[in-house]
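In: give me a model of this one.
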Amino acid sequence: MQRAKRQENDIVQNSKKRKLQNEITTVDRNKFILENLANEIFYEIFEYLDIHDIYKSFFNLNKRFENLIINSNFLHQINISTISKIDFENFYINILIPYRYRINLFRLSNPFIADIIFSPPRIILQFIHLEKLILDKIQMKYLSKIFNYLTYLPKFHSLIISIGDYIESLDILFTHLFHLLTLKYCKIEYEIKNSEYPLSIYLTEYDSSSIQYLIINGCFPFKSLNNLLCCLPKLRYLSINYLVHCRDYLEREDLSPIKLKYLKNVSLKFDSIRFDKVEKILKNFFYYIQILRLTARYDQAYLNAKRWEDLIVNYMPNLRIFDINHETSMVNNNLSYHDLINQFNSSFWIKKNWFFTHQHDWTRRLDSGIFYSTDPYRRKDYGFHWEIDEQNCSHIQETNLNSVQHVSIYSKQIINIHLNYFPNVTQLTIKHYFQTSDDSIITTLNRMIPLVQLTKLTIESYDFPFEEVIKLLRFTPNLYSLKLNLLAMTKTNSQLIKQNENFQYVTKTNKIKYLDLREYCTLNQIQLIVKLFPQLEYFKTRMNRKEIEPITKYLLLKTKNEIQHLFLLCISETPKICLKELNILIKSENLLKDYFIKFINRDLYLWW
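Out: As a prediction, the model looks like this:
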């Protein structure tokens, strides 16, 4: 049914594109001016553009385009991603306030905008048709106010929220969520101050929630999972990406399990949680599920195929998709790692068309590895590790990797004969500076993924040469987001590299708008960065305290010519006193006339 719907949508979209291309061809052939296009064509063009881009490009052209925007359906969905302060203020006055009664989807991805939207006179209360709210990097101090406002919106049912500062306790967050009586879809992302041992959540039988789809991206105490499930009788989908042990000063009683008749799809990631504890949850709550995705580490009991067979037959009889990803090292076991995982090749697994493979994650150590399910149920993320035992590792090659969108390379050495190809990847993370058997890094990567379609690149390796980064950027022209460590830049001759052909080419062609540097930047390195990335809009980096003022001054002066698109700066892990010092600098030297500055979680944000 879903496949047919997707095909139908594709046909409609292709028809629209052909119609649009024909209209534009006619305009070009007859040398018509832009205004000769019919309103319907503009509406179709608008479907492919961001609301802010539409407003910035068309709203002030003339009265016709102003009316086109005002009367179009896309005003129902306001998705504000990256935007400068002055552009947002104009957008706020001309679009957001006048047409707030029509908005059903509202996304804010800037920590400053909440100050405007959720401050008096409480504009959000007038979004009477709001159904879905997306908030990025919101501060905890706004939560009570936001949740209180949302209770008054009659059509509201979907919330996606990421919290910018650390959470001391999850009790407050989940209490607020459960008080939203119309909430059906909820996705939350947060960080806990002590992520290793968070406190459990106090939930009772009176905390029942209407939530049907719940996604938790953050450290969640495993001990609270039982009671969380007991409070979600209408739950259909559950995903928690980090279940851990918790510390408790008070023993909290488990609620009696309930039947979750609507729960069909579950995805859970456990960090050092023993299998017998997980098994108890599976038995008590997951009888009706059809899709189960589990990620776990360490406990070898997760690799007990016979135990899984009994569990599935007796407690999860409706299971269609079993997707497991497990990492461990063998300890005090009579069976070898390969003997253990080969038990998943029995007739039980074959009849269900559930197949598995593995990789080894430690050079010359074959008693440890990552065991995981293969197609047709692959995940969107794929970890590429290293080391293969030619004698024991059969069926290592995977054939259907079309669903993978993000590849993480953990390997320190890549052997070309064992490469998989990921045709639809748009994100790449490189954990180590890896060696190749004979080819260059660029050639090897291009055999794994189509570099030209990458939009996000993260390089976590400290020893990845800066010259190699430049080469890689040359072959990834569609990147808009780049994260990397800067230690390799300390050995770089900035004057010499500026004369490099690759550097000059990348400077003219790259489209990178988001840059996150994970090491301390010097003024000399910043000057190189400014030269290399002229399209920057958002820049996040660390700085030594004594260099914060000269670097910030340099960046703000350069916004007038070399990096004129930059409007958001984040200086991470800096003392709070720097906010006052930077404020004084900006005012005394008149570097900016209109700006906001704030401190969130040891990060200093400047928006203009």
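
In: strands along the stretch 51-200 of the chain, start to end?
Out: 77-80, 105-108, 132-138, 158-163, 185-189 (DSSP state E, counting those that start in this stretch).

In: before we move on, what about the stretch 201-350 of the chain?
Out: 213-217, 220-221, 237-244, 265-270, 291-297, 321-329.

In: can I get those in a markdown table including distance to residue 95, mean neighbour count and mean pLDDT?
Out: For every residue, glycine as well, the C-beta is placed using N, CA and C. As requested, those are exported to a markdown table (distance: least, Cβ to Cβ, whole Å; neighbours: other Cβ atoms under 10 Å; pLDDT from 0 to 100):
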| stretch | distance to residue 95 | mean neighbour count | mean pLDDT |
| --- | --- | --- | --- |
| strand 213-217 | 30 | 18 | 98 |
| strand 220-221 | 38 | 23 | 93 |
| strand 237-244 | 34 | 20 | 96 |
| strand 265-270 | 37 | 20 | 97 |
| strand 291-297 | 40 | 19 | 95 |
| strand 321-329 | 43 | 18 | 90 |
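
In: between the ones you listed, which gets nearest to residue 577?
Out: Residue 577 lies closest to strand 213-217 among the strands of the stretch 201-350 of the chain, at 32.1 Å (Cβ to Cβ).

In: can you show me the CA trace of the closest one as PDB?
Out: Extracted in PDB, the C-alpha atoms of strand 213-217 (Å, rounded to 0.1, in the frame of the first residue of the first chain):
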ATOM      1  CA  TYR A 213       4.600   7.600  18.500                       C
ATOM      2  CA  LEU A 214       7.500   8.200  20.900                       C
ATOM      3  CA  ILE A 215      11.100   8.800  19.900                       C
ATOM      4  CA  ILE A 216      13.700   9.500  22.700                       C
ATOM      5  CA  ASN A 217      17.200  10.600  21.600                       C
END
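
In: what lines up beside that strand in the sheet?
Out: strand 185-189 (parallel), strand 237-244 (parallel) (DSSP bridges).

In: and that strand with strand 265-270, angle?
Out: 20 degrees (axes from the mean of the first three to the mean of the last three Cα atoms, to 10 degrees).

In: how far away from the center of its chain is strand 213-217?
Out: 13 Å (Cα atoms, centre = their mean, to the nearest Å).

In: oh, and call the first residue 814 from now on, that's how I've got it
Out: Shifting the count to begin at 814 puts that one at strand 1026-1030.

In: redo the strands paired with strand 1026-1030 as JSON lines? Include distance to residue 1295.
Out: Formatted as JSON lines, the strands paired with strand 1026-1030 follow (distance: least, Cβ to Cβ, whole Å):
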{"stretch": "strand 998-1002", "distance to residue 1295": "21"}
{"stretch": "strand 1050-1057", "distance to residue 1295": "24"}
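
In: can I get the strands of the stretch 864-1013 of the chain in CSV with mean pLDDT and distance to residue 1381?
Out: Converted to CSV, these look like this (pLDDT from 0 to 100; distance: least, Cβ to Cβ, whole Å):
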stretch, mean pLDDT, distance to residue 1381
strand 890-893, 82, 13
strand 918-921, 89, 13
strand 945-951, 92, 11
strand 971-976, 96, 16
strand 998-1002, 98, 19
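
In: so can I have JSON lines of those strands showing distance to residue 1087?
Out: Shown next, in JSON lines, are these (distance: least, Cβ to Cβ, whole Å):
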{"stretch": "strand 890-893", "distance to residue 1087": "43"}
{"stretch": "strand 918-921", "distance to residue 1087": "40"}
{"stretch": "strand 945-951", "distance to residue 1087": "35"}
{"stretch": "strand 971-976", "distance to residue 1087": "30"}
{"stretch": "strand 998-1002", "distance to residue 1087": "26"}
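
In: who's the closest residue to residue 1113 other than its chain neighbours bridged to?
Out: Spatially, and ignoring its direct neighbours in sequence, residue 1113 is nearest to residue 1141 (5.6 Å; Cβ to Cβ, 6 or more residues apart in numbering). Per DSSP bridges, the residues bridged to residue 1141 are residue 1182.

In: residue contacts, residue 1141?
Out: 1110, 1111, 1112, 1113, 1115, 1116, 1181, 1182, 1184 (Cβ atoms under 8 Å, 6 or more residues apart in numbering).

In: same thing with residue 987?
Out: 1014, 1016, 1020, 1041.

In: rank those by pLDDT and give me only the lowest.
Out: pLDDT is lowest at residue 1020 among these; the value there is 82.

In: give me the phi and psi for it.
Out: phi -100, psi 40 (degrees, to the nearest 10).

In: isn't it right up against residue 992?
Out: No. With contact defined as Cβ atoms under 8 Å, residue 1020 does not count as touching residue 992 (9.1 Å).

In: of the two, who's got more company?
Out: Ranked by neighbour count (other Cβ atoms under 10 Å), residue 1020 and residue 992 place residue 1020 first, with 19 against 14.

In: for the residue lying closest to the more buried one once chain neighbours are set aside, give me the pLDDT.
Out: Leaving aside its sequence neighbours, residue 1020 sits nearest to residue 1044 (Cβ to Cβ, 6+ apart; 4.7 Å). According to the prediction, residue 1044 has pLDDT 95.

In: number of nearby residues for residue 1044?
Out: Residue 1044 has 20 nearby residues by other Cβ under 10 Å.

In: how close does the residue nearest to residue 1088 when sequence neighbours are not counted get to residue 1091?
Out: Distances taken as Cβ to Cβ, 6+ apart put residue 1114 closest to residue 1088, at 3.8 Å, once the chain neighbours are dropped. Using Cβ to Cβ, to the nearest Å, one gets 9 Å for the distance from residue 1114 to residue 1091.

In: same deal with residue 1078?
Out: To residue 1091, residue 1078 is 17 Å away according to Cβ to Cβ.

In: then residue 1128?
Out: 12 Å.

In: the more surrounded of those two?
Out: residue 1091 (21 against 16).

In: tell me how far the more buried one lies from residue 1105.
Out: 11 Å.

In: mind giving me the domain ranges of the protein?
Out: Following automatic domain parsing, one gets these domains for the chain: 814-849, 1218-1324, 1326-1421.

In: please name the nearest non-neighbouring residue to residue 1286.
Out: Counting by Cβ to Cβ, 6+ apart, the residue nearest residue 1286 is residue 1319, at 4.7 Å.

In: and that neighbour, what does it touch?
Out: 1283, 1286, 1287, 1345.

In: any buried residues in the one helix or strand it maps to, and which?
Out: Per DSSP states H and E, residue 1319 falls inside helix 1314-1322. Residues 1315, 1316, 1319 are the ones in helix 1314-1322 that count as buried (16 or more other Cβ atoms under 10 Å).

In: dump the residue contacts of the second one.
Out: Read that as residue 1316. By Cβ under 8 Å, 6+ apart, the neighbours of residue 1316 are 1283, 1310, 1345.

In: so the first one makes contact with residue 1317?
Out: Read it as residue 1283. No. Residue 1283 is beyond contact range of residue 1317, at 9.9 Å (criterion: Cβ under 8 Å).

In: beta-bridge partners for the closest residue to residue 1381 other than its chain neighbours, please?
Out: Ranked by Cβ to Cβ, 6+ apart and with sequence neighbours excluded, the top spatial neighbour of residue 1381 is residue 1351, at 4.5 Å. For residue 1351, the beta-bridge partners under DSSP bridges are residue 1327, residue 1381.
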